[in-house]
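model this:
(2 chains)
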Amino acid sequence: MPADDVLVAPNILEYPYARSVGPVIGRFMTGLRDGRIFGIRASDGRVIVPPTEYDPVTSETLGEDRFVEVGQAGVVTTWAWVHQPRERHPLQRPFGWALVRLDGADTGLLHAVDAGDESRMATGMRVRVRWRDERVGEIQDIACFAPEAG
Amino acid sequence: MAEPVTRISTPMRLEYRFTPGRAASRFLRHVEQGELLGQRCPNCRKVYIPPRGACAACGVPTDEEVRVADKGTVTTFCVVNVPFYGQKIEIPYVSATILLDGADIGIFHLVQEVPAEDVHMGMRVEAVWHDERRPTLESISHFKPTGEPDAPFESYKDYV
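So this is what the prediction gives:
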């Protein structure tokens, strides 16, 4: 049997998951919808973005009184370049996945950086949030980050 | 100020290119012609459908091709009453394992043209083919009762 007689077909699996977010991630998502970014202050004083429900060191519950609004620009701490974006990626042109430490935060937020070309990506570069026009309360409300001018 | 966000949508999508391999490709080409083609193990003599090119029990290639009937016996079945995402058929409907005459392994398909509560083990059923056939088991629309007497349990007890 010639090899070209062997059939091939696309096989696509889709799972329409939804999840409840709870009070902490819920606050983060609500903030995104409103064009604001919230972290949470841990017992050691660090500001964690996105906020966690429990303290990473002591495991104590981190409550309502610990939310902190952080800046909308920050520093790339590490990154990887995507040459060929996939259909569900946030950008349909080459981009960088990066951990962005926002101003006022102590941890990195994973998101896309629309740098245009890999040569414009660098650890330590400044980037700023580019909001989506219509926001609903999900991480895609941040369309991507873009290099700060200058 | 709008209500707080309590829920997010987190869909997943996995895109594969699936190839059934040589044996099952040949099977599917014959399905397109309205025929069911299995393979017999040279060692244990069992007939597999759809064929996989080898006997999983004996670990030997299965080269001998065998025509299998497009009618058989319901060995087990399930009445689907629960709606789910992507469902194509109105509930309730019956998914069954059907042991085709001449085969030693059941295939999964729908049993229709009979009320769900009347489907039972041993029921004799036959394939209802679509006029336009493609290399997929969906070329069989469903199975319907033949009206023959039930197959005795002894005839399919080793396949349940």
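
hey, where'd the helices end up in chain A?
Taking DSSP state H as the test, the helices found in chain A are A:22-33.

Up against chain B, what does it have?
Within chain A, the positions adjacent to chain B are A:1, A:5-21, A:26-27, A:29-30, A:33-34, A:87-88, A:137-138 by CB under 8 Å from any CB of the partner chain. For glycine as for every other residue, the C-beta is placed from the backbone atoms N, C-alpha and C.

repeat that for 7 Å
Within reach of chain B by CB under 7 Å from any CB of the partner chain, chain A has these residues: A:1, A:5-21, A:26, A:29-30, A:33, A:88, A:137-138.

give me phi/psi at the residue of chain A found nearest chain B?
Closest to chain B within chain A is A:Gly137: 3.4 Å, counting by CB to the nearest CB. Torsion angles at A:Gly137 (phi, psi; degrees, to the nearest 10) stand at phi 100, psi 50.

Look at it and say how many residues are nearby.
A:Gly137: 22 surrounding residues under other CB atoms under 10 Å in any protein chain shown.

which one is it nearest to, not counting chain neighbours?
B:Val5 (3.4 Å; CB to CB, 6 or more residues apart in numbering or on different chains).

For A:Ile40, see how far away that neighbour is.
Distance of B:Val5 to A:Ile40, computed by CB to CB, to the nearest Å: 16 Å.

Those two - which one has more neighbours?
The neighbour count for B:Val5 versus A:Ile40, taken as other CB under 10 Å, is higher for A:Ile40 (24 against 21).

Quick one: residues contacting that one.
In this structure, A:Ile40 makes contact with A:Val24, A:Ile48, A:Pro51, A:Thr52, A:Leu62, A:Arg66, A:Phe67, A:Val68, judged by CB atoms under 7 Å, 6 or more residues apart in numbering or on different chains.

Could you give the bridge partners of it?
A:Ile48, A:Phe67 (DSSP bridges).

so which helix or strand takes in whatever residue of chain B ends up closest to chain A?
When distances are taken as CB to the nearest CB, chain B reaches nearest to chain A at B:Val5, 3.4 Å away. According to DSSP states H and E, B:Val5 maps onto no helix or strand at all.

Quick check, pLDDT for it.
For B:Val5, the model assigns a pLDDT of 95.

Equivalent analysis for B:Gly86, please.
Confidence at B:Gly86, expressed as pLDDT, is 80.

separation between it and B:Thr10?
Shown here: B:Gly86 relative to B:Thr10, a distance of 17 Å by CB to CB.

Do a quick rundown of the strands in chain A.
A:9-15, A:18-20, A:38-41, A:47-48, A:67-69, A:73-82, A:95-102, A:108-113, A:126-131, A:142-147 (DSSP state E).

In TSV, list those along with mean pLDDT and distance to B:Ile105.
Conversion of the strands of chain A to TSV gives the following (pLDDT from 0 to 100; distance: least, CB to CB, whole Å):
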stretch	mean pLDDT	distance to B:Ile105
strand A:9-15	92	22
strand A:18-20	94	38
strand A:38-41	98	56
strand A:47-48	98	54
strand A:67-69	97	59
strand A:73-82	98	45
strand A:95-102	98	46
strand A:108-113	98	47
strand A:126-131	98	56
strand A:142-147	98	51
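
Which of those strands sits closest to B:Gly122?
Comparison of those against B:Gly122 by CB to CB identifies strand A:9-15 as nearest, at 34.0 Å.

Just the CA trace of stretch B:80-94, in CSV.
Output of stretch B:80-94 as CSV, limited to C-alpha atoms (Å, rounded to 0.1, in the frame of the first residue of the first chain):
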residue,chain,number,x,y,z
VAL,B,80,-27.6,9.0,26.9
ASN,B,81,-29.9,11.3,28.8
VAL,B,82,-27.3,14.0,29.7
PRO,B,83,-26.9,17.0,27.3
PHE,B,84,-23.3,18.1,26.7
TYR,B,85,-21.3,20.6,24.7
GLY,B,86,-21.1,19.6,21.0
GLN,B,87,-23.9,17.1,21.2
LYS,B,88,-25.3,16.4,17.7
ILE,B,89,-28.2,14.1,18.5
GLU,B,90,-31.4,14.8,20.4
ILE,B,91,-31.5,13.0,23.8
PRO,B,92,-32.4,10.4,24.8
TYR,B,93,-30.4,8.3,22.4
VAL,B,94,-28.7,4.9,22.6
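
got the buried residues for that stretch?
Going by neighbour count (16 or more other CB atoms under 10 Å in any protein chain shown), the buried part of stretch B:80-94 is B:Val80, B:Tyr93, B:Val94.

contacting residues around the strand ranked longest in chain B?
Taking DSSP E as the criterion, chain B has its longest strand at strand B:71-80. With CB under 7 Å, 6+ apart as the test, strand B:71-80 has contacts from B:91-101, B:106, B:111, B:116, B:119, B:121-127, B:146, B:151, B:155-156, B:159-160.
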